[in-house]
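**Q** got a structure for you, letters missing:
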């Protein structure tokens, strides 16, 4: 985490404030909690409970014992709150429950096994981890996260005084279920309906707690970090591309091109290919006497005929690009660029093309709208009911919340305060 998070800003301006984060994923809790959170907790697929890191929380608080002490999957919280299996009716508006390209880690159809472990299913020493992994692939991962978030509100006494408190809740199940079964699946639809109800219960509890404290209200902000491509087999023109195979072809084409250009071909020129970023091995290039810029241009020439690749962006261009004229995606790549971590080349794959190592499921990470568009909702004090047109971005959320708290970040942000610009994304036409 390189900058100041919203939680860090709140703690700096208001030292009496409390900041907590809880999520299904470690990075979601750690990064949103910031450098100075009072507690950041995340789910453990090994124990089925929640955990943290000593650098964040020196000792897990006693009030959360049901979430991290001992064999938590055997406690009443789990036994009474999570069913033996995840079942749902087939509903209209989603794909058939049994679709060939869905993942099948824990059944491809309802019911999916959850808490029930029959004798002989797994070894006794593997029972806890088996249950923990099943929960990870179900809506009840979010149920547990919301249960812990509710406990934090009560035990940390959030909203009990005039200092503004921040609680970040990262709901991860939609990501995992979406990856596994696709966003059009019966599993995803059932998860959406369940989690919608659980979020409502959580919001009511937070509102009632704030009302009892008599110090103000609760400002809710909801958004997401990305969209997702539907299973490509369900899309006209959709294609599933073998990622490791494509990487090997890319590396071979670059090596062949450099050899044609006079390289003796000694050593691997490509150090790594990660998420479309190609990194050249500086030591190998130096031993060949080949400048990096020349290797980049030769690699672009070698990959120009790949049908899977829509565009090839040079890292140097992304670092310097200011005018996206003629390329609607250049600005999106530029905003995602980090000079210290980005590749020498960045590949933009074809639209509706899923480059993945798995034969099932789906993924995200492209510049196309199906991965880019997400909801953003604000509800609470200072928010007037309104519907306005105009573009907004997830990076606008932190400056907007800071502005509502009458706080300001020390360094400039990519985003802007939507309440002062008057540009709020419209919900018109969406159901």
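**A** The structure has been received and is ready for your questions. What you see is a predicted model; the values in this text were computed from it and never measured.
**Q** pretty sure residue 404 contacts residue 419?
**A** Yes: using Cβ atoms under 8 Å, residue 404 is in contact with residue 419, at 6.5 Å. To be clear about C-beta, it is placed using only N, CA and C from the backbone, and glycine gets the same treatment.
**Q** Name the residues contacting each of those two.
**A** The contact sets of residue 404 and residue 419 overlap at residue 382 (Cβ atoms under 8 Å, 6 or more residues apart in numbering).
**Q** and residue 165, what does it touch?
**A** 17, 18, 19, 20, 156, 158, 159.
**Q** can you pull out the strands in the protein?
**A** 19-23, 39-43, 50-51, 85-86, 112-113, 166-170, 220-223, 239-242, 270-274, 277-280, 309-314, 345-349, 353-356, 376-379 (DSSP state E).
**Q** So which of the ones you listed is the most surrounded?
**A** strand 19-23 (a mean of 27; mean count of other Cβ atoms under 10 Å).
**Q** between it and strand 39-43, how many degrees?
**A** Put simply, strand 19-23 runs at 0 degrees to strand 39-43, going by axes from the mean of the first three to the mean of the last three Cα atoms, to 10 degrees.
**Q** what's strand 19-23 in contact with?
**A** Taking Cβ under 8 Å, 6+ apart as the rule, strand 19-23 contacts 7, 10-11, 28-30, 32-34, 36-43, 50, 145, 148-149, 152, 156, 158, 165-172.
**Q** returning to that earlier point: can you tell me which of the strands of the chain is nearest to residue 290?
**A** strand 277-280 (9.2 Å; Cβ to Cβ).
**Q** Within its sheet, name the partner strands of that closest one and how each one runs.
**A** strand 270-274 (antiparallel), strand 345-349 (antiparallel) (DSSP bridges).
**Q** could you dump these to JSON lines with mean pLDDT and distance to residue 212?
**A** As requested, those are exported to JSON lines (pLDDT from 0 to 100; distance: least, Cβ to Cβ, whole Å):
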{"stretch": "strand 270-274", "mean pLDDT": "93", "distance to residue 212": "49"}
{"stretch": "strand 345-349", "mean pLDDT": "96", "distance to residue 212": "52"}
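**Q** Need those strands in a markdown table (columns: distance to residue 281).
**A** A markdown table is the format used below for the strands paired with strand 277-280 (distance: least, Cβ to Cβ, whole Å):
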| stretch | distance to residue 281 |
| --- | --- |
| strand 270-274 | 4 |
| strand 345-349 | 13 |
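**Q** among those, which is nearest residue 129?
**A** Nearest of the strands paired with strand 277-280 (Cβ to Cβ): strand 270-274, 28.3 Å.
**Q** Tell me the gap between the closest one and the middle of its chain.
**A** Offset of strand 270-274 from its chain centre (Cα atoms, centre = their mean, to the nearest Å): 23 Å.
**Q** How about stretch 186-203?
**A** 18 Å.
**Q** show me what contacts the closest residue to residue 242 other than its chain neighbours?
**A** Spatial nearest neighbour of residue 242, chain neighbours left out: residue 357 (7.3 Å); criterion: Cβ to Cβ, 6 or more residues apart in numbering. Taking Cβ under 8 Å, 6+ apart, we find residue 357 in contact with 242, 243, 244.
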